[in-house]
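[1] pasting a predicted model and its sequence here:
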Amino acid sequence: QQQVKQSPQSLIVQKGGISIINCAYENTAFDYFPWYQQFPGKGPALLIAIRPDVSEKKEGRFTISFNKSAKQFSLHIMDSQPGDSATYFCAASGIQGAQKLVFGQGTRLTINP
Amino acid sequence: DAGITQSPRHKVTETGTPVTLRCHQTENHRYMYWYRQDPGHGLRLIHYSYGVKDTDKGEVSDGYSVSRSKTEDFLLTLESATSSQTSVYFCAIRIGGTGELFFGEGSRLTVL
């Protein structure tokens, strides 16, 4: 059972463009929604995270948009750069206790120069 | 800065052999996790630990066992490896109050 569904699987964007990756979740008990960035041969690293009490969070060129009623959240990368080329994972969990993150399937993002 | 060391980083083994992967942290983080990463599945939780000798199952725990006899070490054991356990295994620690999971660099396991 895939509790977090991510799309698209792969994405190609021109340098300077906007990259958008979408996720949908099923469990209404989730209250922590992070995005992780992974480069080849490395472990995933936290990029940005949001709690459901806000609809948007921005850190530099990265923005999470959150729609609680639709149970969806998305990552927007503004002014995409070749260095942003990586695999991105959305995830969700409760914030209390063991915080067992459930991950989406991942999106391989390629930024063409 | 949180530090995680996974060992071995690469291993090739044969079906039916036991395998143990080690995760070592340099700080006293309470929560430790083992995930596996496979194409099309993202990362899936195998087991996690919330203290010394305190462990619990994750989403894909069948065929795996874990042990945590010291705060800094979390071991993942495949009692009898199968080809379906060919994967990249990541250890993670929970960073205190931030809720962030910090991942190691992974252990690539190939079961022939």
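    All right, it came through fine.
[2] quote the end-to-end distance of stretch B:61-79.
    Using Cα to Cα, to the nearest Å, the gap from the first to the last residue of stretch B:61-79 comes to 12 Å.
[3] let me redo that: stretch A:97-105
    Start-to-end span of stretch A:97-105 (Cα to Cα) is 24 Å.
[4] which residues does that stretch contact?
    By Cβ atoms under 8 Å, 6 or more residues apart in numbering or on different chains, the surrounding residues in contact with stretch A:97-105 are A:2-6, A:9, A:23, A:25, A:27, A:30, A:32, A:34, A:36, A:89-94, B:31, B:33, B:35, B:40-45, B:48, B:50, B:56, B:58-59, B:94, B:99, B:101. For glycine as for every other residue, the C-beta is placed from the backbone atoms N, C-alpha and C.
[5] for chain A, give me its nearest residue in chain B.
    residue B:103 (3.4 Å; Cβ to the nearest Cβ).
[6] around chain A, pick out the residues from chain B.
    B:31, B:33, B:35, B:40-45, B:48, B:50, B:56, B:58-59, B:90, B:92, B:94, B:99-106 (Cβ under 8 Å from any Cβ of the partner chain).
[7] now the buried members of these.
    B:31, B:33, B:35, B:41-45, B:48, B:58-59, B:90, B:92, B:94, B:99-104, B:106 (16 or more other Cβ atoms under 10 Å in any protein chain shown).
[8] out of these, which are inside strands?
    Within these, residues falling in strands by DSSP state E are B:33, B:35, B:42-45, B:48, B:90, B:92, B:94, B:100-103.
[9] next, format the residues you listed as CSV and append pLDDT.
    Listed next are those as CSV, based on pLDDT from 0 to 100:
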residue, pLDDT
B:33, 97
B:35, 98
B:42, 92
B:43, 96
B:44, 96
B:45, 96
B:48, 96
B:90, 98
B:92, 97
B:94, 92
B:100, 87
B:101, 93
B:102, 94
B:103, 96
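[10] residue A:26 against residue A:70, yeah?
    No: with contacts counted by Cβ atoms under 8 Å, residue A:26 stays clear of residue A:70, the gap being 11.9 Å.
[11] so between those two, which is more surrounded?
    residue A:26 (13 against 9; other Cβ atoms under 10 Å in any protein chain shown).
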